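1. With the input below, show me the fold.
(one chain, ligands or ions: 1)
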Amino acid sequence: MTYKAAIIGCGRIGCSFDDDPKRKYISTHAGAYTKVIDTKLVALVDKDEKLLNKYKKKFNVSSIYTNYVKMLKQIKPDIISICTWDNTHYEITKKAVENNVKAIFCEKPIASKLKDAKEMIKICNKNKVVLMIDHQRRFCKFHQTVKKMIDKGKLGEIQQVSFYYTAGIANSGSHMFDLLRFFFGDVDWVSATKSKNLSPNKNDPNFDGMMEFKNGIFCTIQACDVNKFLVFDMDIIGSNSRFKLTHSGFDYEYDIVKDSHQFSGYKELYTSEKKPIDKKIIRQPMLDGVKHLVNCLKNNEKPISSGEDGLRSLELICAFHESAKKDNKKINLPLKTTSIEIKSR
Ligand SMILES: NC(=O)c1ccc[n+]([C@@H]2O[C@H](COP(=O)([O-])OP(=O)(O)OC[C@H]3O[C@@H](n4cnc5c(N)ncnc54)[C@H](O)[C@@H]3O)[C@@H](O)[C@H]2O)c1
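-> Numbers count the residues shown, from 1 in each chain. Model prediction:
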């Protein structure tokens, strides 16, 4: 069966990242639906007609709309991608479910309020609609291999984790929290303060902070200034090695413990000659994301990046806000209540 797919929001992640000649793999929803053999991209929706005409041509799409409800009624897509900003995700999900879509591939953060995210999950579950959130490193074979290494104890016992990010706690932070949860599980508590390294978006601040996972692993979170350079690096120190995710988390460095070259009786970390993950492992998260969504539809399975995972990531964003508002007060998870409404744009 070929699934009819439609995209709502034809901006960067919807369509235009693939115009960047430096990007060597498919980086948009439109590119992925066009490439995967089980899906056909049948409609694009955006308020901007110039974008619609440009990408209709580029991706060879038959129908374009400025109104997504009209598209849902006329095209009746099986799958929709929600590639608009977070404050629209709830409303679009509701209308898509009312119009019988089978699957929703929703951009991160899942929503701007916890209440909306919970409602999105509820209506999708009730109507047996697959809801998948685009925390795309979960779909990537490279990150799945890193997770397996951690789970199998290849790094030894985890001693400490640090994360460096830029560009806002709701924006890049949403990916950061999701990747940390993917590797280390649910979080017990957080504590945070506003960072002196400002976010480019005054509505979406940078926070520095710390948190502890339910399994006892401790993690520091540190923000940097995106105007200096982009960083999205995780540093994991195990009992026998150190694994650093670099270059937006798509590359790595690996050090192992050896007898110290400079102090008798001590051990230190040294760059390993052996690479535990093939540097050429294919990194194509958007493509693998759409393939995964198709498999979930065919086999009636829950996605590896579910609505609940999206909700937990949003909850951590809100918990960082709550803690910083209360002078780095320790905030326990799950959050009981919050009035935080994030603005990742
Ligand atoms: N997963 C990732 O790696 C990743 C990367 C970039 C952006 N994002 C997320 O994707 C979402 C969009 O980000 P972007 O950078 O592509 O934004 P963008 O501004 O480039 O594109 C959004 C598009 O949506 C359109 N739009 C907004 N409301 C609409 C509506 N009601 N009907 C039709 N069209 C509408 C706008 O006209 C715009 O073209 C955000 O939630 C962002 O956080 C995710």
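2. Remind me which helix or strand the closest residue to C124 other than its chain neighbours belongs to.
-> Excluding its sequence neighbours, the residue lying closest to C124 (C-beta to C-beta, 6 or more residues apart in numbering) is L131, at 4.1 Å. Placement of C-beta: from N, CA and C, glycine included. Using DSSP states H and E, L131 maps to strand 130-133.
3. and the next helix or strand after that strand, how far out from the chain's middle?
-> The helix or strand immediately downstream of strand 130-133 is helix 141-151, counting by DSSP H and E. The chain centroid and the centroid of helix 141-151 are separated by 16 Å, computed with C-alpha atoms, centre = their mean, to the nearest Å.
4. Closest residue of the stretch 51-200 of the chain to the ligand?
-> Per C-beta to the nearest ligand atom, E107 is where the stretch 51-200 of the chain lies closest to the ligand, at 3.5 Å.
5. residues in contact with that residue?
-> Applying C-beta atoms under 8 Å, 6 or more residues apart in numbering to E107 gives the contacts G9, I13, S81, I82, C83, T84, D86, H89, I133, D134.
6. so how far is the ligand from the first one?
-> Counting by C-beta to the nearest ligand atom, to the nearest Å, the gap between G9 and the ligand amounts to 3 Å.
7. how about the nearest residue to D20, chain neighbours excluded?
-> The shortest distance from D20 to any non-neighbouring residue, by C-beta to C-beta, 6+ apart, is to S27 (7.3 Å).
8. so how far is the ligand from that neighbour?
-> 8 Å.
9. do A43 as well
-> Using C-beta to the nearest ligand atom, we find A43 at a distance of 12 Å from the ligand.
10. what's that residue in contact with, if anything?
-> A6, I7, V61, S62, S63, I64, Y65, M71, I75, P77.
11. How about M234?
-> V161, S162, F163, L179, L180, F183, K244, L245, G249.
12. Least confident of those residues?
-> Sorting the contacts of M234 by pLDDT puts G249 at the bottom of the list (84).
13. wait, that one sits on D178?
-> No. With contact defined as C-beta atoms under 8 Å, G249 does not reach D178; the gap is 11.0 Å.
14. Please identify which helix or strand holds the residue in the chain positioned nearest to the ligand.
-> Relative to the ligand, the nearest point of the chain is G11 (1.9 Å; C-beta to the nearest ligand atom). Per DSSP H and E: G11 is located in neither a helix nor a strand.
15. so how many other residues sit close to it?
-> 16 (other C-beta atoms under 10 Å).
16. Excluding residues flanking it in the chain, which one is nearest T246?
-> Sequence neighbours aside, D233 is the residue nearest to T246 in space, at 5.4 Å (criterion: C-beta to C-beta, 6+ apart).
17. List the residues that contact that neighbour.
-> Contact partners of D233, counting by C-beta under 8 Å, 6+ apart, are F163, Y164, K244, L245, T246, G249.
18. Could you list the contact residues of the stretch 151-300 of the chain toward the ligand?
-> Residues of the stretch 151-300 of the chain lying near the ligand by C-beta under 6 Å from any ligand atom: N171.
19. In helices, which of the contacts of A43 fall?
-> Mapping the contacts of A43 onto helices (DSSP state H) picks out M71, I75.
20. Could you export the contacts of A43 as TSV, including distance to the ligand and neighbour count?
-> Listed next are the contacts of A43 as TSV, based on distance: C-beta to the nearest ligand atom, whole Å; neighbours: other C-beta atoms under 10 Å:
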residue	distance to the ligand	neighbour count
A6	11	26
I7	9	31
V61	15	23
S62	18	11
S63	14	15
I64	11	17
Y65	8	18
M71	9	23
I75	14	19
P77	14	26
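21. thinking again about what came up before, show me which of G249 and D178 is the more surrounded one.
-> Legend: neighbour count by other C-beta under 10 Å for G249 and D178, higher for D178 (25 against 22).
22. Helix or strand: which one has the more buried one?
-> For D178, the element it lies in under DSSP H and E is helix 173-184.
23. can you list contacts of that helix?
-> For helix 173-184, using C-beta under 8 Å, 6+ apart, the contacting residues are 108-109, 133, 135-138, 143, 146-147, 150, 158, 161, 163, 165, 187, 207, 213, 215, 217, 219, 221, 232, 234, 236, 249, 305, 309-310, 312-314, 316-317, 320, 344.
24. In TSV: the contacts of A43, plus distance to E273 and pLDDT.
-> What follows is the contacts of A43, written out as TSV (distance: C-beta to C-beta, whole Å; pLDDT from 0 to 100):
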residue	distance to E273	pLDDT
A6	49	98
I7	45	98
V61	49	97
S62	53	95
S63	55	97
I64	53	98
Y65	55	98
M71	54	98
I75	55	97
P77	50	98
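25. So which of the contacts of A43 are in strands?
-> Among those, DSSP state E puts A6, I7, S63, I64, Y65 in strands.
26. What confidence value was assigned to the residue of the chain most remote from its centre?
-> What lies farthest from the middle of the chain is S264; by C-alpha atoms, centre = their mean that is 44.7 Å. What the model reports as pLDDT for S264 is 97.
27. Sounds good, over and out.
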